[in-house]
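*Asks:* have a look at this prediction, sequence included:
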Amino acid sequence: MNANQSLPRVVVIVLNWNGSADTLCCLETLEKVTYPGCEVLVVDNGSTDDSVAILRRAFPQVNLLETGQNLGFVGGNNVGLEFARGSGAEYALLLNNDTEVAPDFLDHLVAAAESDPQVGITGPSIYYFDEPDTFWSAGGSIDWKKGVTNMVGINQVEQGQYGMQPRAVDFVTGCALLIKMDVVNKVGMLDPRFFLYYEETEWCVRVRKAGYGILHVPASKIWHKISPVAREASPMVHYYMTRNRLLFLKLSDASLISWVNTYVEYARTLTSWALRPRWRGKISQRQAMQQAILDFARQRFGKVEWNSG
């Protein structure tokens, strides 16, 4: 992971919050990365366990910054982006700590970004860790009519359907996102009003509006430790996903039809959870969603402490 003067420098930002076991595995795979201009930065996002001591002991050569509090995905990664800017790196890569990477994944991402000065962001093919030939993401698409975002390729088995050449997409997930620092300087960092969820999608929309392309790079591969089996989302997830979808639509200047379809969907969901017998137990999720809609109307953003009980 030593820098090479002939290649653009990349700071890989790995965010840790009480997740040293995953972070250790991620760092072990990053040690095998073949791209020579790579510097790894761990941002500890206010862990309350012994993560910092464990990580420092196992990887003393890796830079580790402590935020002292949980700043969320946005705040933690913005700390990393500030570090990358101050270090003079040409690129920053946001990388989830619960991922493992192919040794050449970064070579492909940088090559695609360097192929055209108008490429602003690149992202890899992301597979399920437990089903290593099944896609979790091959980039993302935005359905502006419905006001929803979708992972391209999710749950599809890899059959070469996306080829090997980089391809334009609407966004790439913040799970693994390479961005040019010149682009960050132009469009700004992640918006702290989000705290969690939709932040990278809004960032990608900003990047595209500034005239830059966003590419999915099929030859670049990583594996994400997320279950392919859908599980009930926590009230917290429902809260941030609901509120931040509305904030995303607002900041992206979405059309009236996007707003109408979004609120109709919310109304149907809340009604179903209230009236259908099998979903009447979703009281905390329903309260979280209702609170999220109210907080958006009140312009209450960022990290929110709320009681779903």
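*Replies:* That came in fine, so what should we check first? Predicted model only: the values in this text are computed from it and were never measured. Numbers count the residues shown, from 1 in each chain.

*Asks:* ok, Ile142 touching Thr201?
*Replies:* Yes - using CB atoms under 8 Å, Ile142 is in contact with Thr201, at 7.2 Å. Any C-beta I mention is one placed from the backbone N, CA and C, and that applies to glycine too.

*Asks:* identify the contacts common to these two.
*Replies:* Common contact partners of Ile142 and Thr201 (CB atoms under 8 Å, 6 or more residues apart in numbering): Thr149, Phe171.

*Asks:* now do the helices in the stretch 101-250 of the chain.
*Replies:* Remark: helices assigned in the stretch 101-250 of the chain by DSSP state H, counting those that start in this stretch are 105-114, 181-187, 199-209, 235-251.

*Asks:* for Leu81, find the nearest of those helices.
*Replies:* Of all the helices of the stretch 101-250 of the chain, helix 181-187 sits nearest to Leu81, with 6.1 Å by CB to CB.

*Asks:* biggest strand in the protein by residues?
*Replies:* For the chain, the longest strand by residue count, based on DSSP state E, is strand 213-224.

*Asks:* parallel or antiparallel, list what pairs with it.
*Replies:* strand 99-101 (antiparallel), strand 119-128 (parallel), strand 167-168 (antiparallel) (DSSP bridges).

*Asks:* ok and it relative to helix 105-114, angle-wise?
*Replies:* Relative orientation of strand 213-224 and helix 105-114, computed by axes from the mean of the first three to the mean of the last three CA atoms, to 10 degrees: 170 degrees.

*Asks:* can you give me the strands in the stretch 51-200 of the chain?
*Replies:* With DSSP state E, counting those that start in this stretch applied, the stretch 51-200 of the chain shows strands at 63-66, 91-96, 99-101, 119-128, 135-137, 140-143, 148-151, 167-168, 176-180, listed in chain order.

*Asks:* number of residues surrounding Trp136?
*Replies:* Residues lying near Trp136 (other CB atoms under 10 Å) number 22.

*Asks:* what's the domain layout of this structure?
*Replies:* For the chain, automatic domain parsing gives the domain ranges 10-224, 235-297.

*Asks:* got a markdown table for these, with mean pLDDT and distance to Glu305 too?
*Replies:* What follows is the domains of the chain, written out as a markdown table (pLDDT from 0 to 100; distance: least, CB to CB, whole Å):
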| stretch | mean pLDDT | distance to Glu305 |
| --- | --- | --- |
| domain 10-224 | 97 | 11 |
| domain 235-297 | 92 | 10 |
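
*Asks:* can I get these in a markdown table including distance to Lys303?
*Replies:* Formatted as a markdown table, the domains of the chain follow (distance: least, CB to CB, whole Å):
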| stretch | distance to Lys303 |
| --- | --- |
| domain 10-224 | 5 |
| domain 235-297 | 9 |
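
*Asks:* among these, which is the most enclosed?
*Replies:* Mean neighbour count (mean count of other CB atoms under 10 Å) peaks for domain 10-224 among these, with a mean of 19.

*Asks:* got the end-to-end distance for that domain?
*Replies:* Using CA to CA, to the nearest Å, the end-to-end distance of domain 10-224 comes to 21 Å.

*Asks:* now that domain, how far from the centre of its chain.
*Replies:* 6 Å (CA atoms, centre = their mean, to the nearest Å).

*Asks:* what residues does the longest helix along the chain touch?
*Replies:* Longest helix in the chain, counting residues (DSSP state H): helix 256-275. Residues outside helix 256-275 that contact it (CB under 8 Å, 6+ apart): 144-148, 242, 245-246, 249, 279-280, 282, 285-286, 289-290, 293.

*Asks:* swap in stretch 140-160?
*Replies:* The contact list for stretch 140-160, computed with CB under 8 Å, 6+ apart, reads 125, 127, 133-139, 161-162, 169-173, 198, 201, 204-205, 216, 228, 245, 249, 254-255, 257-259, 261-262, 265.
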